[in-house]
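A.B. asks: fold the following and give me the result.
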Amino acid sequence: MALRRHREEPASERWLEVDASMTGTLTFKDPVNLLINGQFDGTLDTKGKLSIGEKAQVRATIQGETISIAGSVTGQVSATSRVELLATSRVSGKVISPRVIMHDGALLHGALEMMGIRPEGQWMSVEELARYLEVDAATVLQWAQNGRLPAQREQDEWRFERQKIEEWLAQERIK
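C.D. replies: Numbers count the residues shown, from 1 in each chain. Here you go, the predicted structure:
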């Protein structure tokens with residue numbers, strides 16, 4: 001497995017490059033700029049920027065903030081900020097993000113769900129908030145039902161406004 005950092009870029013734009021064949025789970029709790037150029041099968045859970053290179057072949061469940069795809073991806077791709085499908089991308093599965101940029105030539109075979117942005121701010125589902133807080137979904141549901149979390153019930157689902165969650169987290173740290 002080759003892991004390389006691009007040294008010519010400014011510190012804020014350094015990339016960790018994976019040019020290998022890997023199977024398993026890659027989880028980053030801190031923001032990192034990750035570039036996948038090889039084959040990957042499994043689960044990718046990232047913070048920061050994730051880029052799937054033009055020659056990459058990925059079969060995974062992908063969760064991240066900003067995701068750019070130039071290669072082949074099979075599976076669910078979820079981003080809290082945006083997904084960009086470059087002209088050479090081939091995606092088979094579901095793409096979930098509040099913003100999606102799709103260049104001419106990009107192929108998406110599956111579903112596209114644009115969620116999360118409303119006039120009053122960005123919203124998260126129970127599962128998204130659970131990943132964000134690093135707790136299980138049952139705990140988030142319990143906190144919402146008990147009024148411990150700022151939440152809004154829409155039909156049969158709980159929704160959480162990111163800004164109010166950030167304020168709640170700041171208050172909880174003070175206590």
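A.B. asks: quick one: contacts for residue 26?
C.D. replies: Residue 26 is in contact with 34, 40, 42-46, counting by C-beta atoms under 8 Å, 6 or more residues apart in numbering. (Each C-beta comes from the backbone N, C-alpha and C, glycine too.)
A.B. asks: reduced to three states, what does it come out as?
C.D. replies: Following DSSP: H, G, I helix; E, B strand; the rest coil, the label given to residue 26 is strand.
A.B. asks: so what's it bridging to?
C.D. replies: residue 44 (DSSP bridges).
A.B. asks: residue 31: neighbour count?
C.D. replies: 11 (other C-beta atoms under 10 Å).
A.B. asks: how far away is the nearest residue to it once chain neighbours are set aside from residue 63?
C.D. replies: The spatially closest residue to residue 31, leaving aside those adjacent along the chain, is residue 48, at 3.5 Å (C-beta to C-beta, 6 or more residues apart in numbering). Distance from residue 48 to residue 63, counting by C-beta to C-beta, to the nearest Å: 12 Å.
A.B. asks: report all helices and strands that the longest strand along the chain contacts.
C.D. replies: Taking DSSP state E as the criterion, the chain has its longest strand at strand 57-69. On a contact count with 3 or more C-beta pairs under 8 Å, 6 or more residues apart in numbering; DSSP states H and E, strand 57-69 meets strand 39-45, strand 49-52, strand 72-74, strand 77-85.
A.B. asks: among those, show me which one is buried the most.
C.D. replies: Comparing those by mean neighbour count (mean count of other C-beta atoms under 10 Å), strand 49-52 ranks first with a mean of 23.
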